[in-house]
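Engineer: here's my sequence, what's the structure:
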Amino acid sequence: MRKIREYFKDVYNELVHKVTWPAWSELQNSMVVVMIASLIIALVIYVMDVSFTKVMELVYRMFY
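Structural biologist: Numbers count the residues shown, from 1 in each chain. Next up, the predicted model:
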């Protein structure tokens, strides 16, 4: 039980005294970057899905 208590004390000490937390403006900038990247990735996946659907419809029409 003592080892567990020591572990949590060490974790607390690390988080409070040694971790450098980003400023609010840095978090906002990072959030914008993540949102834009997510949107771009979603659009790429959508275009790939629509393209693949059209190609498969063409293939199916050729053989049926």
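
Engineer: rest of the way, CA atoms for contacts and neighbours
Structural biologist: OK.

Engineer: strands of this protein, start to end?
Structural biologist: Assigned strands in the chain: none (criterion: DSSP state E).

Engineer: all the helices of it, residue numbers only.
Structural biologist: Taking DSSP state H to define them, one finds helices in the chain at 2-13, 24-63.

Engineer: got these as TSV, with mean neighbour count and mean pLDDT columns?
Structural biologist: Shown next, in TSV, are these (neighbours: other C-alpha atoms under 10 Å; pLDDT from 0 to 100):
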stretch	mean neighbour count	mean pLDDT
helix 2-13	10	95
helix 24-63	11	96
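
Engineer: could you check how far residue 33 is from residue 46?
Structural biologist: Distance from residue 33 to residue 46, counting by C-alpha to C-alpha, to the nearest Å: 20 Å.

Engineer: for residue 13, same thing?
Structural biologist: Distance of residue 13 to residue 46, given as C-alpha to C-alpha: 46 Å.

Engineer: do the same with residue 55
Structural biologist: Taking C-alpha to C-alpha, one finds residue 55 at 14 Å from residue 46.

Engineer: what does residue 32 give?
Structural biologist: Using C-alpha to C-alpha, residue 32 is found at 21 Å from residue 46.

Engineer: same check, this time on residue 15
Structural biologist: In terms of C-alpha to C-alpha, residue 15 sits 40 Å off from residue 46.

Engineer: now do residue 60
Structural biologist: As judged by C-alpha to C-alpha, residue 60 and residue 46 stand 21 Å apart.

Engineer: over to residue 39?
Structural biologist: When distance is defined by C-alpha to C-alpha, residue 39 is 10 Å away from residue 46.

Engineer: ditto for residue 20
Structural biologist: For residue 20, the distance to residue 46 equals 38 Å [C-alpha to C-alpha].

Engineer: likewise residue 19?
Structural biologist: 39 Å.
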